[in-house]
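Novice: Predicted structure and sequence below. I'll ask about it afterward.
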There are 2 protein chains.
Amino acid sequence: MRGGKAVPTVPAAELERWSAEVLQRSGLVSVDARMAAQFITLANLRGVDSHGVALLPAYVQRLQAGGINPRPNLRLVVDLPGLAVMDGDHGIGHVAAARAMEEAVARARRVGAAFVIVQHTEHFGAAAHYAMLAAQNGMVGIALANGDPTMAPWGGTTPLFGTNPIAIAVPGPEDDPVVLDMATSASSWGRIALAARRGEKIPRDWAFDRHGRPTDDPNEAIDGLMAPLGGHKGYGLALMVDVLAGVLSGSAFAGHVPFKFKEAGRPQNVGALFAALDIAAVMPLDTFRERMADLVRQVHASQRAPGTERILVPGERSAEVRKRREREGIPLSEDIASDLRRLGDEVGVPFPG
Amino acid sequence: MRGGKAVPTVPAAELERWSAEVLQRSGLVSVDARMAAQFITLANLRGVDSHGVALLPAYVQRLQAGGINPRPNLRLVVDLPGLAVMDGDHGIGHVAAARAMEEAVARARRVGAAFVIVQHTEHFGAAAHYAMLAAQNGMVGIALANGDPTMAPWGGTTPLFGTNPIAIAVPGPEDDPVVLDMATSASSWGRIALAARRGEKIPRDWAFDRHGRPTDDPNEAIDGLMAPLGGHKGYGLALMVDVLAGVLSGSAFAGHVPFKFKEAGRPQNVGALFAALDIAAVMPLDTFRERMADLVRQVHASQRAPGTERILVPGERSAEVRKRREREGIPLSEDIASDLRRLGDEVGVPFPG
C-alpha cells in the first residue's frame, strides 16, 4: 500500500504518535506535543486534511524559526466566574485552544455559561475540535479565531481579514455532536490551490483577482483575494470575528497579522474566543438529545431537490469519515507523505511505514 | 407633505408615541407598549423599514386573535450567575428581548459575561437592537432568534428553518456601535416581495421555486423557498440558530413554528438567545475603542474595487440613516401609511398628520 503512486494509508494512532514525537523533538514538552498531535491528527480523521498533518512541516518550521514559542507559559490574565482571558504566550494554538475550552467548560459547570478569550496565540487547526470538547461535556461549544489577511472588506481590494472560522457544536441525538465549522470565506485556499494544480477553473464567486474583479482562474485567485461567504454578509462575519478574536483579545487584527507560511520567524499573535453553555442547567440533557433527534429526523426526511442524494446535518459527513478512517487508517496524498518523510528524516523521527 | 402620491414623513417621536398608544389600546400595559414601540420605531429610524411600523397591523392582529399574550408574566425560570432562562409567556418579543439583554448585561457586569435564553416568545423585530443595548453598556452583544420556516435544509425542499438572524454589536470608535445584523438567508422576503410588485426579476441565488430549483421569478420564489446565505454554510448557520434559540430554549423549532402572518391566533412559541461580555473586564474600554478606530480606519482606507464608491463597516449605513431620519422624520410608503391610518381608525388612535 505504501510508496509509488498508490495512496499511502497510515493508522491514525501511529500518525498521532509520530506527530507527537516530531513536535517534542521540535521543542514542545511531552504533554503539549501529545495534545497538539491529537488535534492535528483529528483533523485528518474527520477528513479535514487541509488542517491535519499537512501543516506539520510549517508548524515545525515556525518552531525552529522562533515564530512559535515551544515552551509557552499559558496563564490566565483575567479570571472571573463567567469570563477568563488566557495569555497564549505565542505557543502552538491547539494546546492553548484546548486549555481555554477546558476553562470555559469548568466555568460553565459552575455558573451556567462562560467565555474564554485567548490572546497572543497561533493557528489552532480546525475550530470544530474545540467546540466539540464542550459538546462532549454536554454543553454548547462555540469557537472562533482570526488569521492571516486574505479577504478585503466588501467593495475593497486590500486584504484585511482572515477566512476567520466560526464553529458551533452541540450534543447530537447519539454519540456524534452536531457541529458546524465554517470559514467566513466562500471557499478555501486548499480548494483553490487544488484547482490550480489540476488546471481547472473555479466558480466565479470564490475569489477575486488582485484588482478585485471576480475570477474563475485559480492562479489569479491565489495572487488575489478570497471572496467572503455570500458577499457583504460574509465580510461582516469575518470582520466581527476579527473584532472578537483579535481586537478584543489584545492580539493582532485586521492588516496586522503576519502570514504563517511566509514569515516563519514572526509570531502570528492571533486571538481566539471560546464559549461553553451548560445544557443541563436549562433542561435535562436527555430531553435536549430527544429534541435534537426530532430536528435531525426532520432534516433527513426533507423532500429532496432534483439531483440531491442525501440531506445531512452539519458534521454528519465528518463523523462518517472518522468512523471509516478509524477502521481503515488515514490516506495521505503522495506529495504530503513525501513532505512528512522528509520532515521525519530532518528531525530524526522516521515516518511510519 | 402628506397624502396623495407624495411620501408621507412622520417625526420619529410622533410615530413612536402613536405606536405605543396603539399597542396599549390593544392590551399591552403602558410600560411594555412604550418599550415595544421604541424598538419598532428604531427599526424605521435605522432604515430597516421591513421590521418597523409596517409590522404593527400584524402585531395588533395577533394581539386581538390571541397569538400574542398582551399581559405576559416574564419571569426567570433559570437564574445562575452566567446564564438565565426567561419565560416570555408568549408576549410581544421586543419587550422580552430587551429585558433579557438587560439581564445579560447585569450578569456580565458581575461575572464578566453571561447568556440569557428566552423561551416561548414572539417575533422581536430587528436583532441588532438588542445587541446594541449591550454595546451601549460597553459590552459585546450577541442576539439571535428562530422564526417561521422559509428555508429548506441544503439539498432539500421542505421548509424547516427561518431566516434566523444573527446580530453582533460592539462599541465603535465613537458613539455609534459597529453592529452586524444578518439573516442567514441570501436575501429577504421584503426584497423579493418588492421585486414582485415591481415586476422585476431577482438574482438566481436568492430563492428556489417550490421544487427546489433556483428561480429568478419573485412570484415563484414567494411560493417556494428562501435560499440560505452562500449555500450549505447559510443552511448550517440557520440550523444552528434554530438549535440555540429553539431546541435549547424549549420552544418550537424546525418545522414546528407557525407562520406569524398566517396563523394570528396561534402563539409562535419561538426562542431567542442573548449574550453580553463586559469589555472593561478585558481591557480599558477606551483602549478597545482606539483599537476599533484602527480597524475602521483600515477598512475605510482599503483600495477600492472597480465600481465601489465607499467601503463601510457593519452598521455604518444604518447609523447614517438614523441621523438623517432623526432630523427629517421617517418617510413611509403610501401603502404602509394607508395601512397605519386604517389601523389607527380601527383601534381609535388616529394616525398623525
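Specialist: Received the coordinates, thanks.
Novice: Not counting sequence-adjacent ones, nearest residue to A:Val48?
Specialist: A:Ala126 (5.2 Å; CB to CB, 6 or more residues apart in numbering or on different chains). The way it works is simple: take the backbone N, C-alpha and C, and place the C-beta from them, glycine included.
Novice: these two touch, right, the one you found and A:Asp49?
Specialist: No: using CB atoms under 8 Å, A:Ala126 and A:Asp49 do not qualify as a contacting pair, with a distance of 10.5 Å.
Novice: Spell out which residues are contacts of both of those two.
Specialist: A:Ala43 (CB atoms under 8 Å, 6 or more residues apart in numbering or on different chains).
Novice: ok, back up a step: distance check, the residue nearest to A:Val48 against chain B.
Specialist: Counting by CB to the nearest CB, to the nearest Å, the gap between A:Ala126 and chain B amounts to 15 Å.
Novice: number of nearby residues for A:Trp352?
Specialist: Just to correct that, residue A:352 is Pro rather than Trp. Around A:Pro352 sit 15 other residues, with neighbours defined as other CB atoms under 10 Å in any protein chain shown.
Novice: Now do the phi/psi pair for it.
Specialist: For A:Pro352, the backbone dihedrals are phi -60, psi 150 (criterion: degrees, to the nearest 10).
Novice: Could I get the contacting residues of it?
Specialist: Contacts for A:Pro352 (CB under 8 Å, 6+ apart) come out as A:Val10, A:Glu14, A:Leu15, A:Trp18.
Novice: Checking the third one next. Helix, strand or coil?
Specialist: Right, the one you point to is A:Leu15. Per DSSP: H, G, I helix; E, B strand; the rest coil, the local secondary structure of A:Leu15 is helix.
Novice: For the closest residue to chain B within the stretch 151-300 of chain A, list the residues it contacts.
Specialist: Closest contact between the stretch 151-300 of chain A and chain B, by CB to the nearest CB, is at A:Gly212 (2.9 Å). If you count contacts by CB under 8 Å, 6+ apart, A:Gly212 has them with A:Ala152, A:Gly156, A:Thr157, A:Gly224, A:Leu225, B:Gln303, B:Arg304, B:Ala305, B:Pro306, B:Thr308.
Novice: cool, and A:Ala143?
Specialist: A:Ala143 is in contact with A:Ala97, A:Met101, A:Ala127, A:Ala128, A:Tyr130, A:Ala131, A:Pro165, A:Ile166, A:Ala167, A:Ala272, A:Leu273, A:Phe274, counting by CB under 8 Å, 6+ apart.
Novice: The helix or strand containing it pairs with which strands?
Specialist: Taking DSSP states H and E as the criterion, A:Ala143 maps to strand A:139-145. When pairs are called by DSSP bridges, strand A:139-145 turns out to pair with strand A:166-170 (antiparallel), strand A:270-278 (antiparallel).
Novice: Save those as TSV, and put in distance to A:Ala106 too.
Specialist: Listed next are those as TSV, based on distance: least, CB to CB, whole Å:
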stretch	distance to A:Ala106
strand A:166-170	17
strand A:270-278	9
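Novice: Just say helix, strand or coil for the residue nearest to A:Val48.
Specialist: Per three-state DSSP, the local secondary structure of A:Ala126 is coil.
Novice: before we move on, back to that, compare the contacts of A:Gly212 and tell me which has the most neighbours.
Specialist: That'd be A:Ala152 among those, by other CB under 10 Å, with 27 neighbours.
Novice: So what does the residue of the stretch 151-300 of chain A closest to chain B look like in phi/psi?
Specialist: For A:Gly212, the backbone dihedrals are phi 90, psi 10 (criterion: degrees, to the nearest 10).
Novice: In chain A, where is pLDDT below threshold?
Specialist: By pLDDT under 70, the weakly predicted segments of chain A are A:1-6.
Novice: For it, just list every one of the helices.
Specialist: A:12-25, A:30-45, A:56-65, A:93-111, A:128-136, A:189-198, A:218-222, A:232-241, A:285-300, A:316-328, A:334-347 (DSSP state H).
Novice: Report the buried residues of the fifth one.
Specialist: To tie it back to what came earlier, the one meant is helix A:128-136. When neighbours are counted by 16 or more other CB atoms under 10 Å in any protein chain shown, the buried residues of helix A:128-136 are found to be A:Ala128, A:His129, A:Tyr130, A:Ala131, A:Met132, A:Leu133, A:Ala134, A:Ala135.
Novice: could you measure the third one against chain B, distance?
Specialist: According to CB to the nearest CB, A:Tyr130 and chain B sit 16 Å apart.
Novice: In this structure that residue contacts A:Phe274, no?
Specialist: Yes: here A:Tyr130 reaches A:Phe274: they are 6.1 Å apart, a contact under CB under 8 Å.
Novice: which neighbours do those two share?
Specialist: Common contacts of A:Tyr130 and A:Phe274 (CB under 8 Å, 6+ apart): A:Ala97, A:Ala100, A:Met101, A:Gly141, A:Ala143.
Novice: ok, now how distant is the residue nearest to the fourth one when sequence neighbours are not counted from chain B?
Specialist: To tie it back to what came earlier, the one meant is A:Gly141. The shortest distance from A:Gly141 to any residue that is not its chain neighbour, by CB to CB, 6+ apart, is 2.7 Å, and that residue is A:Ala134. In this structure, A:Ala134 lies at 13 Å from chain B, with CB to the nearest CB as the measure.
Novice: A:Ala134 touches A:Val116, doesn't it?
Specialist: No: using CB under 8 Å as the test, A:Ala134 is too far from A:Val116 to be in contact (10.7 Å).
Novice: Overlap of the contact sets of these two?
Specialist: Taking CB under 8 Å, 6+ apart as the criterion, A:Ala134 and A:Val116 both touch A:Met101, A:Ala104, A:Phe274.
Novice: count of neighbours near the second one?
Specialist: Right, A:Ala104. 33.
Novice: wait, what's in contact with the spatially most central residue of chain A?
Specialist: Nearest to the geometric centre of chain A sits A:Ala126, at 1.6 Å (CA atoms, centre = their mean). By CB under 8 Å, 6+ apart, the contact list for A:Ala126 reads A:Phe39, A:Leu42, A:Ala43, A:Arg46, A:Val48, A:His51, A:Pro165, A:Ala167, A:Asp181.
Novice: Check A:Val270 too.
Specialist: A:Val270 makes contact with A:93, A:121-123, A:145-147, A:162, A:245-246, A:251-252, A:257 under the criterion CB under 8 Å, 6+ apart.
Novice: about what we covered before: hmm, which of the contacts of A:Pro352 are the buried ones?
Specialist: A:Val10, A:Leu15, A:Trp18.
Novice: Which residues are in contact with the first one?
Specialist: Remark: with contacts taken as CB under 8 Å, 6+ apart, A:Val10 is in contact with A:Gly329, A:Ile330, A:Leu332, A:Pro352, A:Gly353.
Novice: And for the second one?
Specialist: Going by CB under 8 Å, 6+ apart, A:Leu15 touches A:Thr41, A:Asn44, A:Val53, A:Ile330, A:Pro352.
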